[in-house]
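Asks: model this:
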Amino acid sequence: MGKYIITGGAGFIGSHIAEQLLKLGHEVVVVDSLRTGFKKNLEGMNVAFINGDIRDENLMNRVIHNANAVFHLAALVSVPESLLKMKECIEINTLGTLNVLDAARENDACKVVLSTSAANYGDNPILPKVETMFPEPMTPYAITKLDGEYYLKMYLDQYKLETASLRYFNVFGPRQDPKSAYAAAVPIFINKALQNQPITIYGDGSQTRDFIYVKDVVRANILASQIGNETYNVALGHSTSILELAEKIKEITNSKSEIVFLDERPGDIKHSKADTTKFNKLGFEPIYSLDTALHETIEFYHNELIINQN
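Replies: Sure, this is the predicted structure:
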């Protein structure tokens, strides 16, 4: 049995990592400021929960002591908010990451796995996105995520601290907050479809994204805690259009929702698709198809609606 730390563990992805580590019999410590996470995401889980901030250097040193690995997800995650609060974004995403790395460096054999982002590629139209492409981050959020990748590599090279960075593409699944300012298309579309409300698409819906189910992202994190010391794309490796996504959700939910098209949003990336070869060579292979994952996710939100209505 190992000891694992999850920063941002009360969030969408972090809570799923916690759930799986507990199933594997490990000790799990979650550190979360609850800025965007929710304690309800950890209900029924036997985790040690610390309401704390990764900017607290002393806290990080105490919590990470004797840990086998740190899954580092805590961050200012809203792209619009990062533009409004650049200094705070740097404090949390960059300086907070340095606190995690410094604390991990004090331990023998404590690996740091960073959750980073396909936003680092910017709007370069070349597809698929491969890790060797020149990064073109366009927002403070993406710049700080790229900073994190560079610092992880530096700590590996300078201090022999084991590290790995996972560039997520479009992650979805249960417990993703459909009401947040940073809400993704999948939970919004599902909630609208379940209530037969109009589903809004910006543009003509031909824009594409590379979706991956949160449970596959969990498997990616656990694998990265065991093997590999570089930056890896985490995605299905194929694209789905936003219109196709909406239609799939309507079909599965048997929804009467109307699809409404609005003007394109400025700055939206038109197409996204990952080259997953590098991580596949380490043994990672997603096991959930988009359809299977949507069925599971829809069931979760359907049950949530029933609970909220009672």
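
Asks: Quick one: residues in contact with the lowest-mean-pLDDT helix or strand in the chain.
Replies: Lowest by mean pLDDT, DSSP states H and E among the helices and strands of the chain is helix 79-84, with a mean of 90. If you take C-beta atoms under 8 Å, 6 or more residues apart in numbering as the criterion, helix 79-84 is touched by 76, 89, 119, 139-142, 144, 181-182. For the C-beta atoms, the positions are set from N, CA and C on the backbone; glycine is no exception.

Asks: Mind listing what's buried along it?
Replies: 79, 81-82 (16 or more other C-beta atoms under 10 Å).

Asks: residue ranges with poor pLDDT in the stretch 51-200 of the chain?
Replies: 181-183 (pLDDT under 70).

Asks: for it, what spans make up the strands?
Replies: Under the criterion DSSP state E, counting those that start in this stretch, the stretch 51-200 of the chain contains strands at 69-72, 111-117, 163-168, 170-172, 199-202.

Asks: Make JSON lines out of these and add distance to residue 49 and mean neighbour count.
Replies: Below are the strands of the stretch 51-200 of the chain laid out as JSON lines (distance: least, C-beta to C-beta, whole Å; neighbours: other C-beta atoms under 10 Å):
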{"stretch": "strand 69-72", "distance to residue 49": "15", "mean neighbour count": "28"}
{"stretch": "strand 111-117", "distance to residue 49": "19", "mean neighbour count": "26"}
{"stretch": "strand 163-168", "distance to residue 49": "23", "mean neighbour count": "26"}
{"stretch": "strand 170-172", "distance to residue 49": "23", "mean neighbour count": "22"}
{"stretch": "strand 199-202", "distance to residue 49": "36", "mean neighbour count": "19"}
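
Asks: Out of the ones you listed, flag the one nearest residue 208.
Replies: Among these, the nearest to residue 208 by C-beta to C-beta is strand 170-172 (9.9 Å).

Asks: Check which helices and strands the closest one sits against.
Replies: Applying 3 or more C-beta pairs under 8 Å, 6 or more residues apart in numbering; DSSP states H and E, one finds that strand 170-172 contacts helix 185-194, strand 211-213, helix 214-224.

Asks: Tell me the gap between it and the middle of its chain.
Replies: Here strand 170-172 is found 7 Å from its chain centre; the criterion is C-alpha atoms, centre = their mean, to the nearest Å.

Asks: Helices of the stretch 51-200 of the chain, start to end?
Replies: Counting by DSSP state H, counting those that start in this stretch, one finds helices in the stretch 51-200 of the chain at the ranges 57-64, 79-84, 86-90, 96-105, 140-159, 185-194.

Asks: so the fifth one versus strand 111-117, what angle?
Replies: The reference is to helix 140-159. Interaxial angle, helix 140-159 versus strand 111-117 (axes from the mean of the first three to the mean of the last three C-alpha atoms, to 10 degrees): 160 degrees.

Asks: Buried residues in helix 140-159, which are they?
Replies: So for helix 140-159, counting by 16+ other C-beta under 10 Å, buried means 140-149, 151-153, 155-156.

Asks: Good, wrapping up.
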